[in-house]
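J.: Build the 3D model from these lines:
(chains A and B)
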Amino acid sequence: GIQVEQSPPDLILQEGANSTLRCNFSDSVNNLQWFHQNPWGQLINLFYIPSGTKQNGRLSATTVATERYSLLYISSSQTTDSGVYFCAVERRTGFQKLVFGTGTRLLVSP
Amino acid sequence: EAGVAQSPRYKIIEKRQSVAFWCNPISGHATLYWYQQILGQGPKLLIQFQNNGVVDDSQLPKDRFSAERLKGVDSTLKIQPAKLEDSAVYLCASGGTSGSWNEQFFGPGTRLTVL
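T.: Residues are numbered from 1 along each chain as shown, chains lettered A, B, ... in the order given. As a prediction, this is how the structure comes out:
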C-alpha cells in the first residue's frame, strides 16, 4: 500500500515562532488532507490540497504532486496550535481510502 | 452546517463484553467511514460505506466487529466480544459533496477502554 511519512515526529516551539511540517508519500494521489488533532482528540480539517498552494490565516500548505510531498507552514505559532498534525492521502487508483501518516506532535510554549 | 455526530463519547467495558457506537454523518454525505485510532498512531480505516452498501471492509476484524448503515444515513459499529487490544478511539467520518468531493470530515470520536 501507499506509504506516508511525516517529519519531524516532534517539534517544540516558542510562541511566535514559525515552523514547516513535511509529508512524503510513495504513490500518486487523488486527495491529500492536513488535519490538526487537538488535545481532546478532535480531528480538525486544515486543508484539502491534492496539488498547489492554499492559505488560511497563519497556516498555509503546498503540495507538489509530481514530487510526492506536501508542506504545512505555521507562522506566528500560538499555544492553541499545540497538538498532532496529520497528513492523509488517498491513492489515485482504488477507493476513497485515506491513509494517514504517523503525525507530527507540536508543542507551543508561552 | 452540523458536523458529524458520534455517541457515546466515552465507554469503559470489561473484556468479552459487547459495545456499540453510533454515528450520524453530515447531511447529504453519501460516504461514511469508521476509523480506529490507537494511542500514538494515525487513524486506520475499518470500513467504508457508499450510501448503505459496503465499499471496503478489508481491515475490519469480522470475527468480532460488525457495522451497518441503515437507510444510507446513520451507522452503528459493534464489537462483540471486546478484547484488551480494542482499546482505542473510534472515529466516524463522512464525505462526498460537490467541490472537494472526496474531502472527509471527522466526528469527535468515541474513546473505548477495555479492562
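
J.: how about the residues of chain B near chain A?
T.: B:31, B:33, B:41-45, B:48, B:55-56, B:89, B:91, B:95, B:100, B:102-106, B:108-109, B:111 (C-beta under 8 Å from any C-beta of the partner chain). C-betas here are computed from N, CA, C, even on glycine.

J.: which residues does A:Val108 bridge with?
T.: For A:Val108, the beta-bridge partners under DSSP bridges are A:Leu13.

J.: So, low pLDDT: which residues of chain A?
T.: A:93-96 (pLDDT under 70).

J.: how close does A:Asp27 sit to A:Arg68?
T.: 8 Å (C-beta to C-beta, to the nearest Å).

J.: next one: A:Ile74
T.: Counting by C-beta to C-beta - A:Ile74 and A:Arg68 are separated by 22 Å.

J.: So for the two, which sits in the more crowded spot?
T.: Counted by other C-beta atoms under 10 Å in any protein chain shown, A:Ile74 and A:Arg68 do not tie: A:Ile74 has more neighbours, with 22 against 16.

J.: Would you mark the buried spots in whichever strand or helix holds A:Gln55?
T.: For A:Gln55, the host element (DSSP states H and E) is strand A:52-56. Buried residues in strand A:52-56, counting neighbours by 16 or more other C-beta atoms under 10 Å in any protein chain shown, are absent.

J.: and if you look at stretch A:8-28?
T.: Buried-residue list, stretch A:8-28, by 16+ other C-beta under 10 Å: A:Leu11, A:Leu13, A:Ser19, A:Leu21, A:Cys23, A:Phe25.
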